Structure formats: C-alpha cells, structure tokens
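Enquirer: Just to be clear, the model below is a prediction. Sequence and coordinates:
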Amino acid sequence: MAKSTTLTTTRARLCALGAYLRRRCFVAPCHEQVKMAQKVVQYRPPETRLEGLVGRLGGAKTIAQSHVTITGDPAVQRACGRQGCADPSTIARTLHACTADHVAQLARLGGGYLKRDGRTPRHPCHEALLWVDAEVTPVPSGPKAEGRERAWMGRHRSKTGRKTLRVSASDSREILHEPLRRGKAAAVPALKAALVELETQLGGTRELRQRIVIRLDGGFGSTAVLNGRLSRGYPVVATISHRGRVRKVRQQVGPWQPTASEGRELAAVVAPLRVCRNTRPGVIRTPKEKGGSQHAVRVTTWLDLPPAEVADTSDQRAMLDATFGQDKQGLGLVKRRQHQGEAPQMVWRLARLAHHLRLWSTRWRSRVPATRWRLRRYGVVRLLQDVGTVPGVIRGRRGGMVPSRFRPLHPLAKPLQQRFAALFRGRGRVRCVR
C-alpha cells in the first residue's frame, strides 16, 4: 500500500493548479523541446526553469522570492512534482546559459501552448470581428543591462532601458507577440513581424484578414504604416498624434460633437487622408487639467460608423495598458535583474507563459456557473493577494493525485473548492477542511 503524507500550505490554490497541470503533463513539452547542455550537480535545467515559472505563479517578483516561495512551502513542491528547490544562483546560471536557440525553442513552445489551450486561434472570425491591439511599452532597467539605451521611458524620463511591443487580443487578453527590443529600436519592423506571426497562427487568407481589426496607438500613425496594413486588407483603427500632422488636419474640420467621455469632443475631417484605401478621419479634442486642449486624429476604415462610436472603439485599447500594468506588478517584469546575454529574453518568455496560465486557469475553473461571477473581475494583483493565499491541506500519495482541502474560514474557500472539484471531474477529492 502506498504511503500518504499530509501537508499544510498557505497556497492551496497553487497546489491544486500544480496538481492539475501535472495531471495534464503541461510542462512535459518544455522539458523535451527546450534542451540545454549545462553541468548538472543536483537539479537539471528543466527543473530550475519550472521553479522560476512556479515562483511567478506564486507572486514572486524576483528569483530570490521564487526560491522563498517554493522552499518555504513543501506542499507546493509536492504538488508540482518536485522534491526540493534549487538555489537562486543555480536558477540564475541556467538563465545566463541560454542561447538564442533556446529562446526560439521556448517561443515556438509558447505558440504551441496558445494554439492548444488559447481562445484566439479558435475565435470564430466569420461570426465576430477579432480585435487586436498593438502598443510599444518602455521597460526601464539599470545602466549595466545589455540593450539598454536612453530613450523614451514614459514617466521615467531620466532612466535607460529597453522596450517591448505587445500585440494582444482584446477579448481574451492573450499575448500574440511580445519581443523585447533595444531602447531605440524601431517598432515598425517588430509590428510587421508580429502580424506575420499572427497570420501564421490564424491563417493568411485575405478573407480572414478582413475580419481582424488592428488598433494602433500614436506611435504607429505614420502614412507608411497605415498603407502597409490597409494594403494587406486589415481594417484599422489608428491614432495620429504628431503635432505637425494634427495641426494640418485641424484646419479642415466640421462641427464639434460630444462623445461618451465628459468634456471630450470629436469633429469629422472634411478632406480625406492620402492613404491607399478610403478612411474616415476625425479630430478628438480632450481638455487638459491645467487648461487648454490636447488634439489627436483618429482614423478608421469603418465609413458607416458614427463619429462618437469611433472614439469609444479606440478607447477600448485602455484594457491593454491596464493588463500590462497588472503584469508589471504581479509578475515583476521590471524587477528582474538578468542583464546579459539571452537571459532577459528567457525571463520574458517565462513571464508570457505565466500570464497565459493565469488566464487559462481562470477559464478552466469557470465550469461552475454559480461561482463564475465571483472571480470574474479579479485582476492579477488581487488574484495573488486574495485568491493565491487561501490556506489549506493537501494529501499526496506516491504516484497519485494531490487532492486539496481549503480552510472554510477564508471567504473564497467555498468558491475555489467548487471550481477545482468540477475541474478534476471526480478524479480527485477537493473539499473544505471541517
């Protein structure tokens, strides 16, 4: 008879998720496809990468915190199939030993995970439009980081760093493309590569491209970028923020109309823009706190759409900024200290996988309609602070599943118990401790 052990934990949700991923052999492709030739003393490179991933899922923002998260909770180790925890220096050496081939292998693996478990590749484009958002975001870093340059860093105007282009689906919040680039690298080639990858994942027919709407911010409002996307057949909702172009367009506008946002107005442009397809431009006037107004030009290919709806449709890109801000706080994207070689790229790929695991695990646990509404509006930070710290008890049996029992005094214990019980579908006992 196999021996069983009972362990208490402060992260019962992470233990139940680790047991579910272990049952599905989720990390097996990562062990098989991303192979590294590194000296092994006790822990192999796949195991150290798994520790970095589990640490992110547990709320760790640095490698040292990942070590504390796993080492201080043996129940998490057992649930994820581990019997110990590597030293933070070992994890750092594994990351610095990565090459460009390893980064490419992990990127292809992430695309395979997205194709298997994501919602975007299964989006019914023939029934509903697929909205895709693209934006360049600065990533501040120290002066010793490789690839850092003094460039635009948002509010951090006196710092150096890199930047990344995040292309994500608006409805599912899944990241379709996210390369880490130098601080002054041009973003237009990265956008072209991202759309090529998107066409590879979804299909490259022109009929399909006509059902994918691309929303671009002011950094991609040049005529060359618009012509490149419009010539491929994509519907576009773009913003032009260049002062010279906006000042020139403002000379030929119609009457101002109110929008859904208080104080903001929109006026249609009488003269069309010189692009390869018919578009409908409009000027948006937003009041400033210290007086005056800020103007921008919104361009769309929907000729029959009212001007107010054009402004509201473009404002839905704010979800991309909110999602990236949550990842910065919850996944510690700007606090990782890997500066040299391909280590930053490897860390970024692991963060993308952790981001998708958070989304997919929420959808996997939403099979109970009665409890689906409870955690729907929780962000990444709240999931870590409230849901990720539910205490409980796990009972592990050698070669078997690790069932979880949640402490009933926690207000979220019962919803989590019902969700995970439906997730395991009777193959494991998930209940509350009496």
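Expert: Great, that's in hand.

Enquirer: Find the helix or strand that Leu165 is a member of.
Expert: strand 160-169 (DSSP states H and E).

Enquirer: ok, Asp312 to Asp327 distance?
Expert: Distance, Asp312 to Asp327, using CB to CB, to the nearest Å: 25 Å. Every C-beta, even on glycine, is put in place using the N, C-alpha and C of the backbone.

Enquirer: what about the two, which has more around it?
Expert: Taking neighbours as other CB atoms under 10 Å, Asp312 and Asp327 compare with Asp327 leading, 23 against 15.

Enquirer: quick one, what contacts that one?
Expert: 333, 351, 355, 380 (CB atoms under 8 Å, 6 or more residues apart in numbering).

Enquirer: cool, and Ser168?
Expert: The neighbours of Ser168, taking CB under 8 Å, 6+ apart as the test, are 132-133, 174-176, 320, 323.

Enquirer: re earlier: want to try JSON lines for the contacts of Asp327, with secondary structure, pLDDT and neighbour count as columns?
Expert: Conversion of the contacts of Asp327 to JSON lines gives the following (DSSP: H, G, I helix; E, B strand; the rest coil; pLDDT from 0 to 100; neighbours: other CB atoms under 10 Å):
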{"residue": "Leu333", "secondary structure": "coil", "pLDDT": "77", "neighbour count": "21"}
{"residue": "Ala351", "secondary structure": "helix", "pLDDT": "87", "neighbour count": "22"}
{"residue": "His355", "secondary structure": "helix", "pLDDT": "87", "neighbour count": "24"}
{"residue": "Val380", "secondary structure": "helix", "pLDDT": "75", "neighbour count": "21"}
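
Enquirer: what's the closest of the contacts of Ser168 to Glu342?
Expert: Nearest to Glu342, judged by CB to CB, of these is Ile175 at 19.2 Å.

Enquirer: where does the closest one land on pLDDT?
Expert: Here, the pLDDT recorded for Ile175 equals 89.

Enquirer: separation between it and Gly52?
Expert: From Ile175 across to Gly52, the span is 18 Å (CB to CB).

Enquirer: Which residues does the helix or strand hosting Val54 contact?
Expert: Val54 is part of helix 45-57, with elements assigned from DSSP H and E. With CB under 8 Å, 6+ apart as the test, helix 45-57 has contacts from 14, 17-18, 27, 30-31, 34, 36, 38, 63, 65-67, 69-70, 76, 80, 82, 85-86, 90-91, 94-95, 97, 331-332, 347, 350-351, 353-354, 357-358.

Enquirer: ok, 6 Å please
Expert: Applying CB atoms under 6 Å, 6 or more residues apart in numbering, the external contacts of helix 45-57 come out as 27, 31, 36, 38, 66, 69-70, 80, 86, 90-91, 94, 331, 350, 354.

Enquirer: Give the rounded mean pLDDT of it.
Expert: On average, helix 45-57 scores 83.

Enquirer: cool, stretch 407-421 as well?
Expert: The model assigns stretch 407-421 a mean pLDDT of 77.

Enquirer: Doesn't Val275 belong to a helix?
Expert: No. Under DSSP: H, G, I helix; E, B strand; the rest coil, Val275 sits outside any helix and is assigned coil.

Enquirer: how close does the residue nearest to it when sequence neighbours are not counted sit to Arg274?
Expert: Excluding its sequence neighbours, the residue lying closest to Val275 (CB to CB, 6 or more residues apart in numbering) is Leu226, at 5.2 Å. Remark: distance between Leu226 and Arg274 (CB to CB) = 10 Å.

Enquirer: Of those two, which one has the most company?
Expert: Applying other CB under 10 Å to Leu226 and Arg274 shows that Leu226 carries more neighbours, namely 23 against 9.

Enquirer: And the contacts of the helix or strand that one falls within?
Expert: Here Leu226, judged by DSSP H and E, is contained in helix 223-231. Here helix 223-231 makes contact (CB under 6 Å, 6+ apart) with 188, 214, 236, 275-277.

Enquirer: ok, 7 Å please
Expert: Outside of helix 223-231, the residues within contact range by CB atoms under 7 Å, 6 or more residues apart in numbering are 188, 214, 236, 238, 275-277, 299.

Enquirer: What of stretch 150-167?
Expert: Contacting residues not belonging to stretch 150-167 are listed as 132, 134-141, 143, 147-149, 175-184, 187, 190-191, 194, 320, 324 [CB under 7 Å, 6+ apart].

Enquirer: among those, which are in strands?
Expert: In this view, the contacts of stretch 150-167 that belong to strands under DSSP state E are 132, 134-141, 175-177, 180-181.

Enquirer: In those residues, find the pair that's most separated.
Expert: Taking CB to CB, the two most distant members of the ones in strands among the contacts of stretch 150-167 are Val132 and Ser141; they sit 27.5 Å apart.

Enquirer: any idea how far Thr259 is from Gln294?
Expert: Look at Thr259 and Gln294: by CB to CB, they are 14 Å apart.

Enquirer: Look at these two and report which has more neighbours.
Expert: Thr259 (20 against 12).

Enquirer: between the contacts of Asp327, which is closest to Gly59?
Expert: Distance to Gly59, by CB to CB, is smallest for Val380 among the contacts of Asp327, at 9.3 Å.

Enquirer: what's near enough to touch that closest one?
Expert: 326-327, 330, 358.

Enquirer: pLDDT check: weakest of the residues you listed?
Expert: Gly330 (77).

Enquirer: Does that one touch Val381 like I think?
Expert: Yes. Using CB atoms under 7 Å, Gly330 is in contact with Val381, at 5.2 Å.

Enquirer: Those two: which is more packed in?
Expert: The neighbour count for Gly330 versus Val381, taken as other CB under 10 Å, is higher for Gly330 (24 against 15).
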